[in-house]
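S.K.: What would the 3D arrangement of this be:
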Amino acid sequence: MNGLILHCGSEHVTREQLRDVPTPDPTATWHPVPHHQIAELVTREAQNYGYQIASEQYGMNPSGSKLFGVLRFHPEGRPDFTRALGFRNSHDKSLAVGLTAGLSILVCDNLCFGGETVLYRKHTNRMEIQSLVGQTFQVLTMQYERLELGVTRLRSQPVGEDSARLLVVRAAEMRAIPGSDILPVLDGFWNPPHAEFAEPNRWSLYNSFTEQAKSYSPACADRCYRTLAKLFELA
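M.R.: Take a look at the predicted model:
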């Protein structure tokens, strides 16, 4: 997926700028979590698990009430993969704390939020948020390894022209892509823009779909990736 998308008025900010955002006072049943605390919990846990952070992006809406973030990192000894973790938070009771993870994720300020794993937690206790982040990383290691094994499997499966056509038509039937994109996806498979996808296998075909999906709206891209995960047995 495209990672962090801000097109509804939100702006990119740094992790340091999050410290300047005031946190509302709690009530008897609602305990807002500071934006910077969410970001720091996630980055600290990533480092504790030996993940080398390749990039971090944060965005906030104009009032500062909503935070959106995406981290990408390489697992130790695996520079060929970038794992992604997205999260969001709110200070106006509009969103629960959310974490999403996978090799491809979507975090958008229009509230599209998806990946191979998605977890939510209400703002009821700050210690619960710390526990959520810790539990998430315990689960993520297995989830990431499963996904990476899936990618290795796809790379080992050659795809001929007829099989490629059948898969792309099937994807259109499943509404992963519009019918008008059948030919562009096939052309991207036969003439890949990146050398690492020159080998005609299922992983290269999957990436031809994802290249085409970069032009979709966040909602359509989310549907595309979820459907492709089922079609290519990555879900």
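
S.K.: Tell me the spacing between residue 46 and residue 89.
M.R.: Distance of residue 46 to residue 89, given as C-beta to C-beta, to the nearest Å: 17 Å. No exception for glycine: its C-beta is placed from N, CA and C like everyone else's.

S.K.: Looking at those two, which one has more neighbours?
M.R.: Between residue 46 and residue 89, residue 89 has the larger neighbour count (other C-beta atoms under 10 Å), namely 25 against 21.

S.K.: can you confirm the more buried one is in a helix?
M.R.: No. Residue 89: not assigned to a helix; according to DSSP: H, G, I helix; E, B strand; the rest coil it is strand.

S.K.: mind listing what it touches?
M.R.: Applying C-beta atoms under 8 Å, 6 or more residues apart in numbering to residue 89 gives the contacts 33, 35, 38, 66, 67, 95, 97, 98.

S.K.: so the third one makes contact with residue 136?
M.R.: By that I understand residue 38. No. Counting by C-beta atoms under 8 Å, residue 38 sits too far from residue 136 to count as a contact (11.7 Å).

S.K.: Can you pick out the residue with more neighbours from these two?
M.R.: Neighbours per residue (other C-beta under 10 Å) separate residue 38 from residue 136, with residue 38 holding more: 24 against 21.

S.K.: For the more buried one, give its distance to residue 71.
M.R.: Here residue 38 is placed at a distance of 11 Å from residue 71 (C-beta to C-beta).

S.K.: Show me the domain layout of the protein.
M.R.: Per the record, the chain has its domains at 3-152, 158-231, by automatic domain parsing.

S.K.: re earlier: which of the contacts of residue 89 lies closest to residue 109?
M.R.: Distances from residue 109 to those, taken as C-beta to C-beta, are shortest for residue 66 (7.1 Å).

S.K.: Spit out the contact partners of the nearest residue in space to the closest one that is not next to it in sequence.
M.R.: In this structure, residue 66 finds its nearest non-sequential neighbour in residue 90, 5.0 Å apart by C-beta to C-beta, 6 or more residues apart in numbering. Residues near residue 90 by C-beta under 8 Å, 6+ apart: 32, 65, 66, 67, 96, 123.

S.K.: top of those residues by neighbour count?
M.R.: Busiest of these [other C-beta under 10 Å] is residue 67, holding 27 neighbours.

S.K.: give me the beta-bridge partners of that one?
M.R.: For residue 67, the beta-bridge partners under DSSP bridges are residue 60, residue 89.

S.K.: Correct me if wrong: it contacts residue 37.
M.R.: No. Using C-beta under 8 Å, residue 67 is not in contact with residue 37; the gap is 10.3 Å.

S.K.: quick one: residue 107 from residue 19, how far?
M.R.: In terms of C-beta to C-beta, residue 107 sits 21 Å off from residue 19.

S.K.: Just the buried residues of the helix or strand bottoming out on mean pLDDT in the chain, please?
M.R.: Least confident helix or strand, the chain: strand 117-121 with a mean of 74, by mean pLDDT, DSSP states H and E. For strand 117-121, a neighbour-count test (16 or more other C-beta atoms under 10 Å) marks 117, 119, 121 as buried.
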